[in-house]
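**Q** Could you work out the structure for the sequence below:
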Amino acid sequence: MPYKIAVASVKDGQKILASGNLYIIELETTKVDPYYLKAFFDSEHGEAVLKSISVGAVVLNIGVESLKKIMVPILPLEEQQKIAQEYKAKLAEIADIKSRLAKELDSLHKIFK
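**A** This next block holds a predicted model:
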């Protein structure tokens with residue numbers, strides 16, 4: 001997928017500079033779980049939505065006006081949080097697998113001494 005979507009918490013008073021093609025989406029976290037939204041955009045449906053509003057041949061770009069028009073299904077917060085927990089658990093599992101793979105690749109390179 002050519003899109004990079006990150007979830008980050010920003011503390012009160014903390015400053016962030018968005019430049020270029022970087023957008024910061026502020027959420028009302030009493031209504032939308034950030035990891036739920038990330039899970040949506042990482043889903044097949046979310047990727048299709050992003051692809052449908054992308055422009056450009058080599059470097060894909062999404063305009064802020066197109067981004068504002070995206071309709072995201074908002075479930076009750078409890079359901080969002082359940083999806084968010086599953087998403088974070090899967091991310092942790094993937095990180096663990098990547099770590100183990102890196103160790104195994106390192107040991108592979110040390111077989112021939």
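**Q** C-alpha only now, for contacts and for neighbours.
**A** OK.
**Q** Least confident secondary structure element in the protein?
**A** Here the helix or strand of the chain ranked lowest by mean pLDDT, DSSP states H and E is helix 64-68, holding a mean of 86.
**Q** Report the residue spans of the chain with pLDDT below the cut-off.
**A** 1-4, 6-9, 21 (pLDDT under 70).
**Q** Tell me which stretches of it form helices.
**A** 34-42, 44-53, 64-68, 77-109 (DSSP state H).
**Q** Residues contacting the least confident helix or strand of the chain, please?
**A** Tyr23, Ile53 (Cα atoms under 8 Å, 6 or more residues apart in numbering).
**Q** swap the cut-off to 10 Å and go again
**A** Asn21, Leu22, Tyr23, Ile25, Val49, Leu50, Ser52, Ile53, Ser54 (Cα atoms under 10 Å, 6 or more residues apart in numbering).
**Q** and those, which are buried?
**A** Val49, Leu50, Ile53, Ser54 (16 or more other Cα atoms under 10 Å).
**Q** what's the farthest-apart pair in those residues?
**A** Using Cα to Cα, the pair of the buried ones among the contacts of helix 64-68 lying farthest apart is Val49 and Ser54, separated by 8.9 Å.
**Q** can you pull the contacts of Pro73?
**A** Leu37, Phe40.
**Q** Check the gap between it and Lys88 for me.
**A** 19 Å (Cα to Cα, to the nearest Å).
**Q** Distance check, Phe112 against Asp106.
**A** For Phe112, the distance to Asp106 - Cα to Cα - is 12 Å.
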